[in-house]
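J.: mind folding the following:
(one chain, ligands or ions: 1)
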Amino acid sequence: MDELAELRREVCALHAELPRYGLVAWTSGNLSARVPDAELMVIKPSGVSYDDLTPESMVVCDLQGEVVEGDFAPSSDAATHGHIYREMAEVGGVVHTHSGFATAWAIRGEPIPCVMTAMADEFGGDIPVGPFALIGDEEIGRGVVETLGGHRSRAVLMRSHGVFALGEGPRDAVKAAVMCEDAARTVHLARSLGPVEPLDPDSIDALYDRYQNVYGQR
Ligand SMILES: [Zn+2]
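T.: Predicted coordinates:
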């Protein structure tokens, strides 16, 4: 199946963006892509160093997180990714990181307030906090879906844990993870200098609409 081979290549290549943008330490962090028209996803193998990832080492799982094809055990977050794909039909890519600034907000249980245009563009408002949940079963997935369902933000700060970022495809999801960390860092810097003021809702709506519908190459 050529499509699956191509998706393995894409998911493997996108993993290189996580260390490149400083979002991960050691083997933490992972991303996956939904296999179109199948109840399957392609995800990172568990505990393999970023430099050692190859397209062949990517794991194909069903949406319960069980291995369908691959020589390695999947990421321990596979059930979470699968739950998100099952519950959110519009999502085609999921990224999970413990990136430092965003996770610092998650540890405090504090949403990142929408105080700059780039956040309004990308997230359409605050980046919300999701509930605390233990790793391994679908509780994290439920928390992600509950928090982001009906929310414009494509990133959530899971309490005392880290970031889950979603996209129409895996590349969009990586972008959301990068922009979430960037926002977390910049708003942290601003707030360390003094109080910050949220953008007004009308401006947020206008910025979000322009960025989502007009910005970039068409
Ligand atoms: Zn984690």
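J.: name the element the most centrally placed residue in the chain belongs to?
T.: When C-alpha atoms, centre = their mean is applied to the chain, the residue found nearest the centroid is residue 165 (1.8 Å). Following DSSP states H and E, the helix or strand that holds residue 165 is strand 162-167.
J.: what about that strand, distance to the chain center?
T.: 2 Å (C-alpha atoms, centre = their mean, to the nearest Å).
J.: show me where pLDDT drops low in the chain?
T.: Scanning the chain for pLDDT under 70 picks out 1, 218.
J.: now do the helices in it.
T.: Remark: helices assigned in the chain by DSSP state H are 2-15, 17-20, 78-87, 100-108, 117-123, 139-148, 170-193, 201-213.
J.: contacting residues for the residue nearest to the centre of the chain?
T.: Going by C-beta atoms under 8 Å, 6 or more residues apart in numbering, residue 165 touches 94-97, 154-156, 173-174, 176-177, 180. The C-beta positions use only the backbone N, C-alpha and C, and glycine is treated the same way.
J.: redo those residues as TSV? Include distance to residue 32 and neighbour count.
T.: Below are the contacts of residue 165 laid out as TSV (distance: C-beta to C-beta, whole Å; neighbours: other C-beta atoms under 10 Å):
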residue	distance to residue 32	neighbour count
94	5	30
95	8	32
96	9	29
97	13	27
154	15	25
155	16	29
156	16	27
173	9	26
174	11	24
176	14	24
177	12	32
180	17	30
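J.: what's the farthest-apart pair in these?
T.: Spatially, the most separated pair among the contacts of residue 165 is 156 and 174, at 15.5 Å (C-beta to C-beta).
J.: and residue 130, what are its bridge partners?
T.: Counting by DSSP bridges, residue 130 is bridged to residue 158.
J.: can you pull the buried residues of stretch 138-152?
T.: For stretch 138-152, the buried set under the neighbour-count rule, 16 or more other C-beta atoms under 10 Å, comprises 138-145, 147-148, 151-152.
J.: return the distance of stretch 170-180 from the chain's centre.
T.: Mean-position distance between stretch 170-180 and its chain equals 6 Å (C-alpha atoms, centre = their mean).
J.: what's the answer for stretch 186-199, then?
T.: That offset, for stretch 186-199, works out to 24 Å (C-alpha atoms, centre = their mean).
J.: same check, this time on stretch 97-112
T.: How far stretch 97-112 lies from its chain's middle: 13 Å, per C-alpha atoms, centre = their mean.
J.: so which of the helices of the chain gets nearest residue 70?
T.: Closest of these to residue 70 is helix 2-15, at 9.2 Å (criterion: C-beta to C-beta).
J.: run through who's touching the closest one.
T.: Helix 2-15 is contacted from outside by 30-33, 35-36, 42-44, 50, 53-58, 60, 170-171, 174, using C-beta under 8 Å, 6+ apart.
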